[in-house]
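Trainee: take a look and give me a structure for this.
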Amino acid sequence: MLEFPLWKKIWLWGVTLAAAILSLPSLANVAGVDWPSNLPNPQVNLGLDLAGGSHLLLEAKAEDIRAQRLENMEESVRQLMRNANPRIRIGDVSTGEGRMSFMLDSAADIDRARGLLEPIMQGANLTREWDLSVVDGQRIVLTPTAAGIDAALNDAMESATEVVRRRIDELGTREPTIIRQGDTRIVVQVPGLDDPEALKSLLGKTAQLEFKLVDLNALPENVQAGVAPPGSQVFPYAADTPSAGRFEAVRRLGGIRGDSLTEAKAGVDPTNNQNVVNIVFDAQGAAKFAKLTRENTGRPFAIILDGEILSAPNINEPILGGRAQISGSFTAESANELAIALNSGALPVDLAIVEERTVGPDLGADSIRRGLLAMAIGSLAVVALMVASYGRFGVYSTIALVFNVAMLLGIMAVFGATLTLPGIAGFVITIGAAVDANVLINERIREERRRGRKVIAAVETGYKEASRAIYDANFTNFIAGIALFAFGSGPVKGFAVVLVVGLFTSVFTGVTMTRMWVAGWLRKARPNDIAI
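Mentor: Prediction:
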């Protein structure tokens, strides 16, 4: 075990020095030293408690999800009945009291209608999402089941969480914490965010984009009073548009939603130098948009974002190719924000900010100073104890400890891991635990010498026998660290990352590297005894 050929020494030193060098940018950042811009700059990300930043708690309204499901079901029902062969005529559609009902013109179509509706009443995993009943022989009533509502709520919140994650990533921030809390809440923590207002504005934007035909039959005086004809609904113009304060009636069904967008990009219209957002539909959305514009050439259609009309231009000609342009008195910043929101996808439900906290960087800096102080005191105490107890072997343990900390920082920097305040505690614990291996080895060598073994035999046996206990102990710690990372969140995960990475670096430096150094010294000095 004490044989180290040249290639092995080069490999071990190469790994150690490479990982240690990778820690230099992070150490320079803590020390306030500017790192050269022409050199690689891997950094350990600081968590919210160290770098400061924003903490937001978002909450969704379950009623909005239920209302959206009813509207989707109504549109599906109308399309199914319209496309049936022969067509099934319906009328008197109602979506009140949390359920949907409609009247068939002929009672003879009941069985056919039931057969068409059956497939869309089943959800994923054969979950029954709607119950069907027939009233008065001709009226079909669709009632959402509890399982269907729960599944829809869960799907909406999962989708909303992913949309929030994509929007924050588009802002360029690093290592945000985004987790669900309960059934309708999402926790968002963004370390190092300089502009929390931009984050709140972006997350508060639902980005529900819709294209709907303007109802030309609506009476202007009724529309301005908020009264829409049957089958239509009234929307206000956005506050920053030339038509602010006015209202428009649009057809409720038959429009196009923005969920079929593949790209949205802020730009400038060369004809008038106004800021716009250029959008591209997928194949299905492009075909539907082309059909809408072809069949309604000469009529106005409204571009609606989050319940407000941005503009209502006329369709002068069919819009083919799936490309369109959104205008609406944008600034460069607002156009870019809308493009980010559309690219990340529409939130399936409105999210309201119910809690907001801002952590200042001064608090994080104080935590770092105190953490470094604790680590320095702990390190000095460990070094003094090891050198006093084991002499030369204690010096090797101390050098291994320095490389252990540097390698741990370097590896975390390469993987972009986040260091939190509990992570600093993990560093302190790692320093204390890192020398455990050397204590076991040195005590075993001392014991073998007492039994009368020669120096080389005692050292070799000490490393061999102690390594078994070291590997077993660290394996159990590794299992605990993985469990903390898998089931924990936020600060708990930060502690687990430092713990798990520290296990590998401490075993590597405390066992493998010290054995190489001890073997080199024994070969060179050939001592008759060792002071340990």
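Trainee: can you show me the strands along the stretch 251-400 of the chain?
Mentor: 256-257, 261-268, 275-281, 301-305, 308-311, 323-330, 351-359 (DSSP state E, counting those that start in this stretch).
Trainee: closest one to residue 476 among those?
Mentor: Nearest to residue 476, of all the strands of the stretch 251-400 of the chain, is strand 351-359, at 35.0 Å by Cβ to Cβ. C-beta: built from backbone N, CA, C; applies to glycine.
Trainee: summarise which helices and strands the longest helix seen in the chain is packed against.
Mentor: Assignment by DSSP state H gives helix 455-487 as the longest helix of the chain. Applying 3 or more Cβ pairs under 8 Å, 6 or more residues apart in numbering; DSSP states H and E, one finds that helix 455-487 contacts helix 436-450, helix 491-507, helix 514-525.
Trainee: flag every buried residue along that helix.
Mentor: Across helix 455-487, burial judged by 16 or more other Cβ atoms under 10 Å covers 455, 458-463, 466-467, 470, 473-474, 477, 481, 484-485.
Trainee: thinking again about what came up before, and the helices and strands packed on helix 455-487, which is most packed in?
Mentor: Of all the helices and strands packed on helix 455-487, helix 491-507 has the most neighbours on average by mean count of other Cβ atoms under 10 Å, namely a mean of 22.
Trainee: quick one: that helix to helix 455-487, angle?
Mentor: Put simply, helix 491-507 runs at 160 degrees to helix 455-487, going by axes from the mean of the first three to the mean of the last three Cα atoms, to 10 degrees.
Trainee: which of the buried residues of helix 455-487 sits closest to residue 237?
Mentor: When the buried residues of helix 455-487 are compared for distance to residue 237 (Cβ to Cβ), residue 485 wins out at 50.1 Å.
Trainee: now the closest one: closest residue in space that isn't a chain neighbour?
Mentor: Take residue 485 and drop its neighbours on the chain: the residue closest to it by Cβ to Cβ, 6 or more residues apart in numbering is residue 496, 3.9 Å away.
Trainee: which residues touch the one you found?
Mentor: The neighbours of residue 496, taking Cβ atoms under 8 Å, 6 or more residues apart in numbering as the test, are 426, 481-482, 484-485, 488.
Trainee: read off the pLDDT value for the residue nearest in space to the middle of the chain.
Mentor: Nearest to the geometric centre of the chain sits residue 165, at 3.9 Å (Cα atoms, centre = their mean). Note on residue 165: pLDDT of 79.
Trainee: which element is it on?
Mentor: In this structure, residue 165 sits in helix 146-170 according to DSSP states H and E.
Trainee: just the buried positions in that helix, please.
Mentor: So, applying 16+ other Cβ under 10 Å, buried residues of helix 146-170: 148-149, 151-153, 156-157, 160-161, 163-164, 167-168, 170.
Trainee: show me what it packs onto, helices and strands only.
Mentor: Packing partners of helix 146-170 (3+ Cβ pairs under 8 Å, 6+ apart): strand 53-60, helix 62-83, strand 177-181, strand 185-191, helix 196-204, helix 332-344.
Trainee: go with 7 Å
Mentor: Taking 3 or more Cβ pairs under 7 Å, 6 or more residues apart in numbering; DSSP states H and E as contact, the helices and strands that helix 146-170 lies on are helix 62-83, strand 177-181, strand 185-191, helix 196-204, helix 332-344.
Trainee: okay, domains of the protein per the record?
Mentor: For the chain, automatic domain parsing gives the domain ranges 6-52+361-525, 62-149, 205-358.
Trainee: any idea of the mean pLDDT in the first one?
Mentor: It refers to domain 6-52+361-525. pLDDT averaged over domain 6-52+361-525 gives 84.
Trainee: pretty sure residue 160 is touching residue 350, no?
Mentor: No. Using Cβ atoms under 7 Å, residue 160 is not in contact with residue 350, being 9.5 Å away.
Trainee: what sits in contact with each of these two?
Mentor: Common neighbours of residue 160 and residue 350 are listed as residue 60 (criterion: Cβ atoms under 7 Å, 6 or more residues apart in numbering).
Trainee: from residue 112, how far out is residue 330?
Mentor: Counting by Cβ to Cβ, to the nearest Å, the gap from residue 330 to residue 112 is 49 Å.
Trainee: tell me which of those two has more neighbours.
Mentor: Set side by side, residue 330 and residue 112 show more neighbours around residue 330, with 22 against 16, by other Cβ atoms under 10 Å.
Trainee: partner residues bridging that one?
Mentor: Taking DSSP bridges, one finds residue 275 as the beta-bridge partners of residue 330.
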